[in-house]
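Undergrad: sharing a model prediction with you, sequence too.
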Amino acid sequence: DIVYLDGAFVPAQDAKVSVFDRGFLFGDSVYEVIPFYRGVAFGLEPHLKRLEHSLAALRIPLSIDWPAVLNELVTRNGGGNLSVYLQVTRGDAGRRTPVYDASMQPTVFACCNPIRNIYADGPDGVAGIAVIVTADLRWHRCDIKANGLLPNILVLQQAREAGAAEALMIRDGILTEGGSSNLFIVRSGVLYTPKLGSEILGGTTRELVLELARGAGIPYQETDLSYENLLEADEVWISSSTRAVVPVLSVDGKTVGDGEKGPLWRRMFELFSQFHHRLMTG
Ligand code: PLP
């Protein structure tokens, strides 16, 4: 495994970060996860745009040629199907102090993980999942892709221990998103998803779902959704970069729709596959 750390490509075991790095001490850092299929990035631009948003929110200044760094990293790791994780921390202050100096040098890290090429196996290769619904315990700037992921880890572990693959979170009676995904429901042929704001992460896959829906004439609404809306849905999906759209077959043990992967999900997965095909064939 070759990783990128502060300008160098090195074996993972040789990459070292200071114990006084603010990412380690305070979670004073942001990240992205970007899938590459057969060495080609899927949605690089929207991810880099969101990274800019996160860095600006934390006021971390950074100038770096990400496409060059990430392509080099993927090539050095053999190309293929990889998710690239990148993280930028405010840097190493040499001591532990909450207040920071604006002139600090950020720490920049990136590594790769093998992933399955979901487009190779088609919709039949996608397994529907079970989810649970639980309280959203996060802060009020969920639009920033920050590394303070303790609430997400707790709910994802809770889901895992309940035999579910994702935890949907609810705040003040309104569903926000999954621990690592955005939420969609289908009712009477209309697609619904929670609206953007500081209570959810603006998912790059969420944005692509809406773009593809627009192109295909699938009606959609960005709106508040309740637990009842979820239980009454014909279909429920989650979306994230490495999983595209995944059908949810049960919520808190209750069957969604007829308990099968839904027709609109199949249509959307097909639209994703076509989008991916166009990307790969230029
Ligand atoms: N919401 C949360 C909390 C996430 O961690 C993620 C990332 O996986 C998403 C939504 C989906 O974002 P994206 O589609 O850009 O991967």
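TA: Yep, it's here.
Undergrad: residue numbers of the stretch 51-200 of the chain in contact with the ligand?
TA: Applying C-beta under 6 Å from any ligand atom, one finds that the stretch 51-200 of the chain approaches the ligand through 177, 180, 181, 182. Backbone N, C-alpha and C define where each C-beta goes, glycine included.
Undergrad: inside helices: which ones of those?
TA: With helices identified by DSSP state H, none of the entries of these belong to them.
Undergrad: and residue 282, what pLDDT?
TA: In this prediction, residue 282 carries a pLDDT score of 83.
Undergrad: near it, how many other residues are there?
TA: A count of neighbours around residue 282, defined by other C-beta atoms under 10 Å, yields 5.
Undergrad: same deal with residue 150?
TA: Neighbourhood size, residue 150 [other C-beta under 10 Å]: 11.
Undergrad: state the pLDDT value of it.
TA: The pLDDT attached to residue 150 in the predicted structure is 98.
Undergrad: pLDDT added to the residues of the stretch 51-200 of the chain next to the ligand, as CSV?
TA: Output for those, formatted as CSV (pLDDT from 0 to 100):
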residue, pLDDT
177, 98
180, 98
181, 98
182, 99
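Undergrad: among these, which are in strands?
TA: Among those, the subset assigned to strands under DSSP state E consists of 177, 182.
Undergrad: can I get the residues of the stretch 51-200 of the chain next to the ligand in JSON lines with distance to residue 51?
TA: Converted to JSON lines, those look like this (distance: C-beta to C-beta, whole Å):
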{"residue": "177", "distance to residue 51": "19"}
{"residue": "180", "distance to residue 51": "17"}
{"residue": "181", "distance to residue 51": "18"}
{"residue": "182", "distance to residue 51": "17"}
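Undergrad: which single one of the residues of the stretch 51-200 of the chain next to the ligand is nearest to residue 278?
TA: Nearest to residue 278 among these: residue 182, at 22.8 Å, using C-beta to C-beta.
Undergrad: ok, what's across the strand from that closest one?
TA: Residue 182 has these beta-bridge partners by DSSP bridges: residue 239.
Undergrad: can you show me the helices along the stretch 151-282 of the chain?
TA: Along the stretch 151-282 of the chain, the segments classed as helices by DSSP state H, counting those that start in this stretch run 204-216, 227-231, 263-281.
Undergrad: follow-up on the earlier one: in JSON lines: the residues of the stretch 51-200 of the chain next to the ligand, plus neighbour count and distance to residue 20.
TA: Output for those, formatted as JSON lines (neighbours: other C-beta atoms under 10 Å; distance: C-beta to C-beta, whole Å):
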{"residue": "177", "neighbour count": "26", "distance to residue 20": "33"}
{"residue": "180", "neighbour count": "20", "distance to residue 20": "29"}
{"residue": "181", "neighbour count": "27", "distance to residue 20": "34"}
{"residue": "182", "neighbour count": "24", "distance to residue 20": "35"}
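Undergrad: where in the protein is pLDDT low?
TA: Flagging of the chain using pLDDT under 70 yields an empty set of residue ranges.
Undergrad: please redo it, this time with the cut-off set to 90
TA: Counting by pLDDT under 90, the ranges of the chain that qualify are 282.
Undergrad: which residues touch residue 22?
TA: Residues touching residue 22, when contacts are defined by C-beta atoms under 8 Å, 6 or more residues apart in numbering, comprise 28, 29, 89, 90, 91, 92, 93, 100, 104.
Undergrad: and it, how far is that from residue 99?
TA: Using C-beta to C-beta, to the nearest Å, one gets 11 Å for the distance from residue 22 to residue 99.
Undergrad: how about residue 154?
TA: Using C-beta to C-beta, we find residue 154 at a distance of 29 Å from residue 99.
Undergrad: and for residue 43?
TA: Look at residue 43 and residue 99: by C-beta to C-beta, they are 36 Å apart.
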